[in-house]
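# the following comprises the amino acid sequence and a computationally predicted model.
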Amino acid sequence: MATCLTGVTNNCHGPQSGLIIPSFGMKGNGSASVPRGPVPSRPAPQPHPKDEDTLVQMAEHIPAGTRTPMCAHCNMVIRGPFLVAMGKSWHKEEFNCAHCRTSLADIGFVEEQGCVYCEHCYEDFFAPTCSRCQAKILGEVINALKQTWHVYCFLCACCQQPIRNNTFHLEDGEPYCEQDFYSLFGTGCHGCEFPIEAGDKFLEALGYTWHDTCFVCAVCCTTLEGQTFFSKKDKPLCKKHAHTLKI
């Protein structure tokens, strides 16, 4: 025997008839919430490895006699040993930090806006600060939550793996990778079994949560959103198929 379920007043005859008003909502942005799992405690922060893809470079020392290039600093011919950096050649004594004038012949340097700086000056004037460890970032920068992070400092609050440039979601101010977010806080659509994501329109009916487009008659797939519907074996049915024998 089919049970009549409706979001509007409807006269229905049968031993198990009743009125049900599905609860509609929009997931995300402070709207109706969906069932969620327990929030795990966040593991203690771990020291991050050295920057990957570091900006720090080293000049190459070229012995005398191989060629006589022009110096990128003074535009004079270099006779004798010289340095190669950034695709250019330099007198050893003229390859210096643009700010403190420290020789960069044998230490790391960073290029910024066409000039070269020692690591110390680059950190002081150009390098962003990591929001987690407060150290300067000399490699790839992650810009998220209006802050800057080392790659290995911007982590999923659950699995503690770097999120990098992948999609993430916030819960109580903490970032979560997509997989952990839906595992902990998400709910699946009873119709398609895919997660109901932020911004999706959904409804609750028959004790389940559905995408609005997935709440359809189990026989003819006619949408039942906002319509009078019936149920049989926990499956929604339109009025035409309310008493179908096989579903």
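Cool, the structure landed. Numbers count the residues shown, from 1 in each chain.
# show me the chain divided up by domain.
Following the assignment in the TED database, the chain carries domains at 57-125, 128-185, 188-246.
# if I average pLDDT within each of the ones you listed, which one is lowest?
Ranked by mean pLDDT, the domains of the chain bottom out at domain 188-246, with a mean of 83.
# in a markdown table, list the domains of the chain along with mean neighbour count.
All C-beta spots, glycine's among them, are computed from the backbone N, C-alpha and C. Shown next, in a markdown table, are the domains of the chain (neighbours: other C-beta atoms under 10 Å):
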| stretch | mean neighbour count |
| --- | --- |
| domain 57-125 | 15 |
| domain 128-185 | 17 |
| domain 188-246 | 17 |
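# can you give me the helices for the chain?
Using DSSP state H, the helices of the chain run over 119-125, 178-184.
# ok, now which ones touch the closest residue to Val116 other than its chain neighbours?
Distance criterion C-beta to C-beta, 6 or more residues apart in numbering; nearest residue to Val116, sequence neighbours excluded, is Phe109 at 4.8 Å. When contacts are counted by C-beta atoms under 8 Å, 6 or more residues apart in numbering, Phe109 touches Val56, Gln57, Met58, Ala59, Ala85, Cys97, Val116, Tyr117, Cys118, Glu119.
# and for the residue nearest the centre of the chain, nearest residue in space, chain neighbours not counted?
Nearest to the mean C-alpha position of the chain, by C-alpha atoms, centre = their mean, lies Thr167 at 2.5 Å. Leaving out its chain neighbours, the residue that sits closest to Thr167 by C-beta to C-beta, 6+ apart is Glu178, at 5.1 Å.
# so that neighbour sits against Ile163, correct?
No: with contact defined as C-beta atoms under 8 Å, Glu178 and Ile163 do not form a contacting pair (9.2 Å).
# distance between stretch 95-110 and the chain's centre?
Distance of stretch 95-110 from its chain centroid, counting by C-alpha atoms, centre = their mean, to the nearest Å, is 37 Å.
# please save the CA atoms from it in CSV.
Coordinates of each C-alpha in stretch 95-110 appear next as CSV, following Å, rounded to 0.1, in the frame of the first residue of the first chain:
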residue,chain,number,x,y,z
PHE,A,95,78.2,40.9,-8.9
ASN,A,96,77.0,42.3,-5.6
CYS,A,97,73.8,42.7,-3.6
ALA,A,98,71.8,45.7,-4.9
HIS,A,99,71.2,46.9,-1.3
CYS,A,100,74.1,46.0,1.0
ARG,A,101,76.7,45.5,-1.7
THR,A,102,77.8,42.1,-0.3
SER,A,103,79.6,40.0,-2.9
LEU,A,104,77.3,37.3,-4.4
ALA,A,105,80.1,35.4,-6.1
ASP,A,106,80.1,32.6,-3.6
ILE,A,107,76.8,32.8,-1.8
GLY,A,108,73.1,32.4,-2.7
PHE,A,109,71.2,35.3,-4.3
VAL,A,110,67.7,36.1,-5.3
